[in-house]
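> Quick one: sequence and predicted model below, then my questions.
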Amino acid sequence: MFKLLKSDSPVTEADIEALEINIGFKLPADFKDFYMDFNGGSPSREFWAEDEDFEPIRVEDFKSISRIGASDGCETKYIGGCYRLMQEKKVLPRQLVPFANDEAGNFICIEKDSGRIIYFAVDVFQPDIDMHLNHLNAQRHMSDSFGEFIESLVDEDEVDF
């Protein structure tokens, strides 16, 4: 069974609703259910290796959802704080909400319109091209849904490097 280790304090439905207001997006039911069980942490199965054309991605950690009224709610360890800062710095396009990181600090995001899971490589920006093109070049489709993404994660011994 997949789980997150070293999870943060449990969240309530009200905490999730507050996040949805902050990011301007109604999160899918499987995402909310998952976060009601595990509020961020290190994944028990940490590798995504579904694309033969790319190296496996090691998911380092899942961001937490901040509790309502938390004094540190704007920190990037929280989904809302990370989303807000990445929007201010224009790192991520508006439709991507980061919920996890790989070991290199790249983002794993949920796409607002579709619910798809998107890998966003922050280290591929080219200063001489338009920001919109940079955003497009940095994205790679991982899964069609959050549930599918979770199910696709495997242990290291199941990965061909």
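Nice, thanks for sending it over.
> Can you tell me the closest non-neighbouring residue to Cys109?
Setting aside the residues directly before and after it, Cys109 is nearest to Leu96 in space (CB to CB, 6 or more residues apart in numbering), at 3.9 Å. Every C-beta, even on glycine, is put in place using the N, C-alpha and C of the backbone.
> so where's this structure uncertain?
Residues of the chain that meet the criterion pLDDT under 70 lie in 124-137, 161.
> Run through the strands of it in chain order.
Remark: strands assigned in the chain by DSSP state E are 4-5, 42-43, 47-48, 57-62, 96-102, 107-111, 117-120, 139-143, 153-154.
> Touching the fifth one from outside, list them.
Translated: strand 96-102. Under the contact criterion CB atoms under 8 Å, 6 or more residues apart in numbering, strand 96-102 has outside partners 23, 25, 31, 57-63, 79, 82-83, 86, 92, 107-112, 118-120, 139.
> Between the strands of the chain, which one is closest to Cys74.
strand 96-102 (14.4 Å; CB to CB).
> Any buried residues in the closest one, and which?
By neighbour count with 16 or more other CB atoms under 10 Å, strand 96-102 contains the buried residues Leu96, Val97, Pro98, Phe99, Ala100, Asn101, Asp102.
> and it, which strands flank it?
Paired with strand 96-102 in the same sheet, following DSSP bridges, are strand 57-62 (antiparallel), strand 107-111 (antiparallel).
> Which residue ranges of the protein form helices?
13-23, 29-37, 79-88, 131-137, 146-152 (DSSP state H).
> what bridges to Ala100?
Beta-bridge partners of Ala100, counted by DSSP bridges, are Phe62, Ile108.
> Would you check how far apart it and Ser64 are?
Taking CB to CB, to the nearest Å as the measure, Ala100 falls 11 Å from Ser64.
> In the buried residues of strand 96-102, find the pair that's most separated.
Going by CB to CB, the two entries of these that are most distant from one another are Val97 and Asp102, at 16.1 Å.
> Would you mind measuring from the residue most central in space within the chain to Asp157?
Computing the C-alpha centroid of the chain and ranking residues by CA atoms, centre = their mean puts Phe99 first, at 2.4 Å. Relative to Asp157, Phe99 is positioned 25 Å away (CB to CB).
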